[in-house]
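Q: Can you look at this prediction? I've put the sequence above it.
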Amino acid sequence: MQWSLFVLILMGQCSFFTCDLYEYHFIPEGKTWEEAQRYCREHYTDLATVSDMRGVERLTNSPQTTDAWIGLRSINERDIKEWHWSLPGEKYNPTECDRGCAPEWVPGEPNNGGDDPENCVAIKPSQQWYDVHCSRSQKFICYNETGDQKYFVIDEPNLNWLQAQSYCREHHTDLVSGITQINSTEFKERVEEFNDQDGSSDLWIGLFRDTWSWSDGKNFSFRHWDPDSFKDKDSKTCAMTTPKGKWSSDTCTDKKPFYCYEDKVILINESKTWDEALDYCRENHHDLVSITDRHQQRWVQERAKMAGTEFVWLGMRYTCTLDLWFWVIDRLVCYDNWAQQEKTEGCDRATAMKRDGEWYKKADNETFYFICAK
């Protein structure tokens, strides 16, 4: 074992090391969205995909000084919109509240009623949901990832859904998102306290639907729209980032600079033991992939979904000598996504990711596909 690992163990601390699993490339040449897409696929991986605020910050800190295409495009079909949660990593499961869980949809909702689509969701004082026009101004509730208090009802000013999302991301983490958050005791108590003090009032939550999808096929639900970006939206079906970092849309045949991304992880469609996978990655790429935060987890998880085996090997192994899990890049495990009751000791064990993203300990002589870092 290398000396650097012993240093980390003696310090008794996690190393806050991050390694970007992809790179953005700004191309100053003006092209239509489809021309830009072809260029990126020929020279890199694809037009830029953005999975969370870290990606936004990386684009904003680039040399860009004008609007530039990214890989988001609207299919512009009313009947095939998908529901997403605003907070990256939260998945919407339409069956979660079909069997009487609380909260649940108001009977008959979502109905997408009226001539204009109802693409955003509010929660009533009864804690039932309904879909409504995103342009309506009302109160909303934010989620805080850190700190003792997790939920904040914002009663002034009243904002439309996009404005509320921007406010929550600037002052907290995001609009409240996911069944786990909405079913939490603290969330319910916060909503009840607000309604006792303020009278009955509906609140925006972080559920929305749209027709936009990423060029590379990744299922990231993250959006960072400018609240004023949807004038003449029917003809503007390709997304661009602006110098301030917010996103807007424009006609796809307009010529603009653009962002490509270069993927630094690769799924190897061959079944190997953990040791064989490690040797393959080090001989042909860089190493078995390591995951040090949720940002990287989301990126690797998208690759794992495409595997032909139920699990894929990651670059983590258990050492009986030191009684701990460690990454092959000589880092302790600061972030993890273990399935329930899976983080247990065991000699000759390594970590595999299931296609749903959770981690499992597996005997290192089992054979799975695996993911390399380039």
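A: Everything's here; your move. Numbers count the residues shown, from 1 in each chain.

Q: And for D148, the neighbour number?
A: 6 (other Cβ atoms under 10 Å). Yep, even glycine has a C-beta here, placed from its N, CA and C like the rest.

Q: For it, which residues are in contact?
A: If a contact means Cβ atoms under 8 Å, 6 or more residues apart in numbering, then D148 has no contacts.

Q: Next: the one 4 residues further on.
A: Residues counted as contacts of F152 (Cβ under 8 Å, 6+ apart) are 141-142, 144, 172, 190.

Q: Save those as CSV, and put in pLDDT too.
A: Converted to CSV, these look like this (pLDDT from 0 to 100):
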residue, pLDDT
I141, 95
C142, 96
N144, 93
H172, 94
R190, 90
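
Q: any idea which of those has the most stuff around it?
A: Most surrounded of these: other Cβ under 10 Å gives I141, at 25 neighbours.

Q: Helix or strand: which one has that one?
A: strand 138-143 (DSSP states H and E).

Q: again, but for E109
A: According to DSSP H and E, E109 maps onto no helix or strand at all.

Q: in the sheet, who's paired with the residue lying closest to it once chain neighbours are set aside?
A: In this structure, E109 finds its nearest non-sequential neighbour in Y130, 4.3 Å apart by Cβ to Cβ, 6 or more residues apart in numbering. Counting by DSSP bridges, Y130 is bridged to A122.

Q: OK, contacts around Y130?
A: Y130 is in contact with 105-106, 109-110, 121-122, 124, counting by Cβ under 8 Å, 6+ apart.

Q: export these to CSV and tack on neighbour count?
A: Listed next are these as CSV, based on neighbours: other Cβ atoms under 10 Å:
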residue, neighbour count
W105, 16
V106, 16
E109, 16
P110, 18
V121, 23
A122, 22
K124, 16
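
Q: ok, of the residues you listed, which one's closest to Y335?
A: V121 (30.0 Å; Cβ to Cβ).

Q: What pLDDT does the model give the closest one?
A: Looking at V121, its pLDDT reads 94.

Q: ok, it to F194 distance?
A: According to Cβ to Cβ, to the nearest Å, V121 and F194 sit 18 Å apart.

Q: likewise I179?
A: Where F194 is concerned, I179 sits at a distance of 20 Å (Cβ to Cβ).

Q: Neighbour count for those two, which is higher?
A: The neighbour comparison of I179 against F194 (other Cβ under 10 Å) goes to F194, with 21 against 16.

Q: Contact partners for the most centrally placed residue in the chain?
A: The residue lying closest to the centre of the chain (Cα atoms, centre = their mean) is P88, at 3.4 Å. Going by Cβ under 8 Å, 6+ apart, P88 touches 51-53, 220-222, 294, 298.

Q: now it: how far from R136?
A: 25 Å.

Q: Where does the prediction get shaky in the protein?
A: 1-19, 62-64, 76-80, 94-103, 113-116, 198-199, 229-234 (pLDDT under 70).

Q: if we can go back for a sec, and the furthest pair within the contacts of F152?
A: Checking these with Cβ to Cβ, the most distant pair is H172 and R190, at 12.7 Å.

Q: Would you map the strands across the stretch 101-250 of the chain?
A: 120-123, 129-132, 138-143, 151-159, 174-175, 203-210, 212-214, 238-241, 247-250 (DSSP state E, counting those that start in this stretch).

Q: All the helices of the protein, residue numbers only.
A: For the chain, the helices defined by DSSP state H cover 3-11, 33-43, 53-60, 161-171, 179-182, 185-198, 274-284, 294-304.

Q: how many other residues sit next to the nearest residue to K255 once chain neighbours are set aside?
A: Once flanking residues are discounted, K255 sits nearest to G30: 3.8 Å by Cβ to Cβ, 6+ apart. By the measure other Cβ under 10 Å, the count of residues near G30 is 15.

Q: residue contacts, G30?
A: 255-257.

Q: If we use 10 Å, what do you get?
A: G30 is in contact with 36, 66, 68-69, 254-258, counting by Cβ atoms under 10 Å, 6 or more residues apart in numbering.

Q: returning to what we had before: to R58, which of the strands of the stretch 101-250 of the chain lies closest?
A: Going by Cβ to Cβ, the one of those nearest R58 is strand 238-241, 10.8 Å.

Q: Please state the offset of that closest one from the chain centre?
A: 18 Å (Cα atoms, centre = their mean, to the nearest Å).

Q: ditto for stretch 214-226
A: Chain-centre distance of stretch 214-226: 9 Å, with Cα atoms, centre = their mean.

Q: now do stretch 194-206
A: Distance, centroid of stretch 194-206 to centroid of chain: 28 Å (Cα atoms, centre = their mean).

Q: can I get the CA coordinates of it in CSV?
A: Only the C-alpha atoms of stretch 194-206 are listed here, as CSV (Å, rounded to 0.1, in the frame of the first residue of the first chain):
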residue,chain,number,x,y,z
PHE,A,194,-47.1,28.5,8.3
ASN,A,195,-50.8,27.9,7.6
ASP,A,196,-51.7,28.4,11.3
GLN,A,197,-50.0,31.8,11.2
ASP,A,198,-50.7,33.0,7.7
GLY,A,199,-54.1,31.3,7.0
SER,A,200,-54.5,28.8,4.1
SER,A,201,-52.0,29.3,1.3
ASP,A,202,-50.7,27.1,-1.5
LEU,A,203,-47.0,26.7,-1.9
TRP,A,204,-44.7,25.9,-4.9
ILE,A,205,-42.8,22.7,-4.6
GLY,A,206,-40.0,21.5,-6.9
